[in-house]
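Asks: Below is the sequence, then the predicted model.
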Amino acid sequence: MKRLGTVLHIIDNMLIVRSDKTLEKGVSFEDSTVITKKMKRIGKVKELFGPVNSPYFSIKIFKEVQKSEIRNLKNERLYLQ
């Protein structure tokens, strides 16, 4: 389990996450599975954007994740599986 970042925004079936650290050169995150601290799979990384020293990720949420669970993710830390 590798720390990804903190959820900033929830937009329909997408999350915007601010990374906790600067990215390592050459590491690919796209299509990586994203999980909560309780090990619940919630989505996949779709896009990486923003500055290298403080990047952002867009996460496409899986269809089976309930709306109530999504609302509770605001300001929560997410991880890569």
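Replies: Yep, that arrived.
Asks: What residues sit buried inside the helix or strand bottoming out on mean pLDDT in the chain?
Replies: Within the chain, judged by mean pLDDT, DSSP states H and E, the helix or strand with the poorest mean is helix 67-71; its value is a mean of 91. For helix 67-71, the buried set under the neighbour-count rule, 16 or more other CB atoms under 10 Å, comprises residue 70. Just so you know, the C-beta spots here come from the backbone N, C-alpha and C atoms, and that holds for glycine as well.
Asks: first vs last residue of stretch 7-17, how far apart are they?
Replies: End-to-end distance for stretch 7-17: 4 Å, by CA to CA, to the nearest Å.
Asks: Please read the previous query as pertaining to stretch 69-79.
Replies: Using CA to CA, the two ends of stretch 69-79 sit 16 Å apart.
Asks: chain center to that stretch: distance?
Replies: Between the mean C-alpha point of stretch 69-79 and the mean C-alpha point of its chain there is a distance of 9 Å (CA atoms, centre = their mean, to the nearest Å).
Asks: quick one: contacts of it?
Replies: The set of residues that contact stretch 69-79 without belonging to it, under CB atoms under 8 Å, 6 or more residues apart in numbering, is 1-7, 10, 15, 17, 20, 34-37, 40, 42, 59, 61.
Asks: Can you flag the buried ones in these?
Replies: Neighbour-count burial (16+ other CB under 10 Å) applied to these gives 4-5, 7, 10, 15, 17, 34-36, 42, 59, 61.
Asks: Tell me which of those residues fall in strands.
Replies: In strands, defined here by DSSP state E, the members of these are 4-5, 7, 10, 15, 17, 34-35, 42, 59, 61.
Asks: Would you enumerate the residues in contact with residue 5?
Replies: Residues in contact with residue 5 (CB under 8 Å, 6+ apart) are 17-20, 56-57, 77-78.
Asks: so which pair among those is furthest apart in space?
Replies: Of all pairs drawn from the contacts of residue 5, the greatest distance, 14.5 Å, lies between 56 and 77 (CB to CB).
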